[in-house]
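Peer 1: sequence and predicted structure are below.
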Amino acid sequence: MNREVRRQQLESFGRGPALLSAALRQFPKKMWLHKPSPDRWSIHEIILHLADSEASAYIRCRRCIAEPESPVLKFDPARWAGTLGYFHQSTREALEIIRRLRKATYQLLVTLPESVWEHTVNHPTDGRLSLAGWMEIQERHIPHHIDQMKQNYDAWFKTHPPRKPSSASRRSNPLLPVITMSASSF
């Protein structure tokens, strides 16, 4: 991979939390707990998953740099979501974890010499994985989950369309008289 492609990936990786925050502003908070089906995560659960995943990524990245050729721990997202009580955890704190850990990882990655990008770890599902390969996976992780959030919103919106006003306001209905008062009426 050439340096320009790596620089673009790093910049995209670094912008992940801002991209997530911008996306979240598009979804009404009242629907963050909506699950399109029992086997799909809500936006709330996705945010908590992203925080756990970011913590795991923080460690995996450093391990690859400091201890190349070592194994990394398996991370079972479904099991974590099912046993850690995501429903009762704060999305605000999770978003702060994502922001801070991603920033710290990004700041480390931009300082690395080219040779370190070829360091590898033994990943439990991906096998031997280089730091460059890990970066490609991580750079797509937040956008992938934003797409899931959009799908959740679309499913929610189909069953919760915006309400139409129950009656037209007096000002918008030309058939209703408009009462005006002058200052002398008081």
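Peer 2: Nice, I can see it. Numbering: from 1, shown residues only.
Peer 1: dump the helix or strand of the chain with the lowest mean pLDDT to PDB, keeping only the CA atoms.
Peer 2: Lowest by mean pLDDT, DSSP states H and E among the helices and strands of the chain is helix 77-83, with a mean of 90. The C-alpha trace of helix 77-83 is given here as PDB (Å, rounded to 0.1, in the frame of the first residue of the first chain):
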ATOM      1  CA  PRO A  77     -19.700  -9.000  20.100                       C
ATOM      2  CA  ALA A  78     -23.000 -10.900  20.400                       C
ATOM      3  CA  ARG A  79     -22.000 -12.500  23.700                       C
ATOM      4  CA  TRP A  80     -20.800  -9.200  25.100                       C
ATOM      5  CA  ALA A  81     -24.000  -7.500  24.100                       C
ATOM      6  CA  GLY A  82     -26.100 -10.200  25.600                       C
ATOM      7  CA  THR A  83     -24.300 -10.400  28.900                       C
END
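Peer 1: could you point out which element follows that helix?
Peer 2: The first helix or strand that comes after helix 77-83 along the chain, using DSSP states H and E, is helix 91-109.
Peer 1: that next one: how far from the chain's middle?
Peer 2: Centre-to-centre, helix 91-109 and its host chain are 11 Å apart (C-alpha atoms, centre = their mean, to the nearest Å).
Peer 1: for the least confident helix or strand of the chain, packing partners?
Peer 2: helix 43-66 (3 or more C-beta pairs under 8 Å, 6 or more residues apart in numbering; DSSP states H and E). In short, each C-beta sits where N, CA and C put it, glycine included.
Peer 1: tilt between the helix it packs on and helix 91-109?
Peer 2: 20 degrees (axes from the mean of the first three to the mean of the last three C-alpha atoms, to 10 degrees).
Peer 1: for helix 43-66, packing partners?
Peer 2: By 3+ C-beta pairs under 8 Å, 6+ apart, helix 43-66 packs against helix 16-24, helix 77-83, helix 91-109, strand 120-123, helix 131-159.
Peer 1: list the buried ones in that helix?
Peer 2: Applying a neighbour-count criterion of 16 or more other C-beta atoms under 10 Å, one finds 43-54, 56-58, 60-61, 63-65 buried in helix 43-66.
Peer 1: before we move on, what about stretch 144-152?
Peer 2: So for stretch 144-152, counting by 16+ other C-beta under 10 Å, buried means H145, I146, Q148, M149, N152.
Peer 1: circling back: out of the helices and strands packed on helix 43-66, nearest to E4?
Peer 2: Nearest to E4, of all the helices and strands packed on helix 43-66, is helix 131-159, at 13.8 Å by C-beta to C-beta.
Peer 1: alright, that wraps it up for me.
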